[in-house]
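Participant: Based on what follows, work out the 3D shape:
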Amino acid sequence: MHTLINIIKEHIEYRHQILKLAKADIVKTYRGAALGWSWAIIKPAVTIFVYWFAFEIGLRAGKDVNGFPFFLWLISGLIPWFYMNDMLTQGTDAVRKYSYLVTKMKFPVSTIPTFVSISKLMVHVILLVIMGVIFTAMGYPPTIYWIQLPFYLLLNFIFFTVFTLCSSLLSAISKDFSNLVKSMITAIFWLSGIVWNIDTIKIGWLKKILMVNPVTYLVEGYRNCFIHQTWFFEQPKRLLYFVVIVVCMLIFSIWIYRKLRKEIPDVLN
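Facilitator: Numbering: from 1, shown residues only. Coordinates of the predicted model:
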């Protein structure tokens with residue numbers, strides 16, 4: 001509890017620097033490219049097109065879901081994944097990437113995953129707005145269910161910020177952990193129902209296991225807003241499982257932070 005209070009105090013004390021560094025992280029990501037910020041949209045657009053073409057044209061497996069075209073169902077899962085993927089890759093390397101903040105400026109380590117997460121969230125929000133425009137343009141205007149989108153956005157931010165606090169510290173100590181996380185990304189992607197409908201699974205116990213996956217819960221949460229039109233409180237067990245996982249991960253992350261925060265500067269030097 002004492003460590004958690006210190007982390008909260010560090011975030012409050014450095015709140016202005018966190019926001020400035022989040023903006024700087026975005027600028028740094030796209031600096032030097034001729035198209036600049038456009039890559040924040042171009043790269044996801046190309047990925048979406050490839051998956052749409054593969055499933056809709058190539059495999060002819062793209063069927064309407066809840067009366068919505070497969071393309072809309074697909075982007076409602078892929079756009080949340082882009083943020084998740086950035087946090088699993090760039091977030092995990094955050095402390096190592098910004099090592100100078102720790103070794104030269106004595107910046108609190110706990111805030112580094114937070115400003116990296118905020119920077120990726122800014123891009124994520126822009127993509128969500130574009131997705132909303134696409135839904136509306138294709139004849140599916142906003143519904144009352146869209147108002148719960150900030151709730152899932154917050155859950156997404158909390159989960160991956162907490163995860164990155166742990167993973168970035170472990171990655172700073174050993175690059176093997178970073179390689180381990182990156183090697184698991186493909187498995188996480190294909191086992192989380194992002195580009196295939198998890199409701200098609202007929203094996204009850206297997207479906208329950210997959211539903212416990214927090215990535216699956218978050219992706220399905222976004223689709224609850226846009227596709228399934230389901231309220232989050234209609235699935236209390238799934239929400240409870242997710243909260244339990246987040247709490248356990250938070251406890252573990254705080255324990256890791258308490259053990260490693262004094263060693264990190266020496267390791268990064």
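Participant: Check which residues of stretch 110-119 are buried.
Facilitator: Neighbour counts over stretch 110-119 (16 or more other CB atoms under 10 Å) mark 110-119 as buried. The C-beta positions use only the backbone N, C-alpha and C, and glycine is treated the same way.
Participant: what's the average pLDDT for the host helix or strand of Ile256?
Facilitator: Assigned by DSSP states H and E, Ile256 belongs to helix 236-260. Averaging pLDDT along helix 236-260 gives 91.
Participant: what packs against it?
Facilitator: If you count contacts as 3 or more CB pairs under 8 Å, 6 or more residues apart in numbering; DSSP states H and E, helix 236-260 packs onto helix 2-13, helix 149-173, helix 204-212, helix 214-223.
Participant: Tell me which of the ones you listed sits most buried.
Facilitator: helix 214-223 (a mean of 23; mean count of other CB atoms under 10 Å).
Participant: Columns mean pLDDT and distance to Ile194 on top of the helices and strands packed on helix 236-260, output as TSV?
Facilitator: TSV is the format used below for the helices and strands packed on helix 236-260 (pLDDT from 0 to 100; distance: least, CB to CB, whole Å):
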stretch	mean pLDDT	distance to Ile194
helix 2-13	84	31
helix 149-173	93	13
helix 204-212	81	12
helix 214-223	93	6
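Participant: possible to save these as a markdown table with distance to Asp25?
Facilitator: Shown next, in a markdown table, are those (distance: least, CB to CB, whole Å):
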| stretch | distance to Asp25 |
| --- | --- |
| helix 2-13 | 16 |
| helix 149-173 | 13 |
| helix 204-212 | 32 |
| helix 214-223 | 22 |
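Participant: Tyr83: how many residues sit nearby?
Facilitator: As a burial measure, Tyr83 scores 23 neighbours (other CB atoms under 10 Å).
Participant: That one touches His124, doesn't it?
Facilitator: Yes - the pair Tyr83 and His124 passes the contact test of CB atoms under 8 Å, sitting 4.0 Å apart.
Participant: re the thing from before, check which residues of the next helix or strand after the helix holding Ile256 are buried.
Facilitator: The helix or strand immediately downstream of helix 236-260 is helix 264-268, counting by DSSP H and E. Across helix 264-268, burial judged by 16+ other CB under 10 Å covers 264, 267-268.
Participant: Ok, stretch 135-144 next?
Facilitator: 135, 140.
Participant: chain center to it: distance?
Facilitator: How far stretch 135-144 lies from its chain's middle: 24 Å, per CA atoms, centre = their mean, to the nearest Å.
Participant: mean confidence score for it?
Facilitator: Here the average pLDDT along stretch 135-144 is 91.
Participant: Just the residues contacting it, thanks.
Facilitator: With CB atoms under 8 Å, 6 or more residues apart in numbering as the test, stretch 135-144 has contacts from 68-69, 72, 132, 226, 229.
Participant: and it, C-alpha only, in CSV?
Facilitator: Taking C-alpha atoms only, stretch 135-144 is exported to CSV below (Å, rounded to 0.1, in the frame of the first residue of the first chain):
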residue,chain,number,x,y,z
PHE,A,135,-20.1,3.4,-39.2
THR,A,136,-22.3,6.5,-39.8
ALA,A,137,-21.3,6.8,-43.4
MET,A,138,-22.3,3.2,-44.1
GLY,A,139,-25.7,3.7,-42.6
TYR,A,140,-25.2,2.8,-39.0
PRO,A,141,-25.4,6.0,-37.0
PRO,A,142,-24.6,6.4,-33.3
THR,A,143,-26.9,4.5,-30.8
ILE,A,144,-27.4,4.8,-27.1
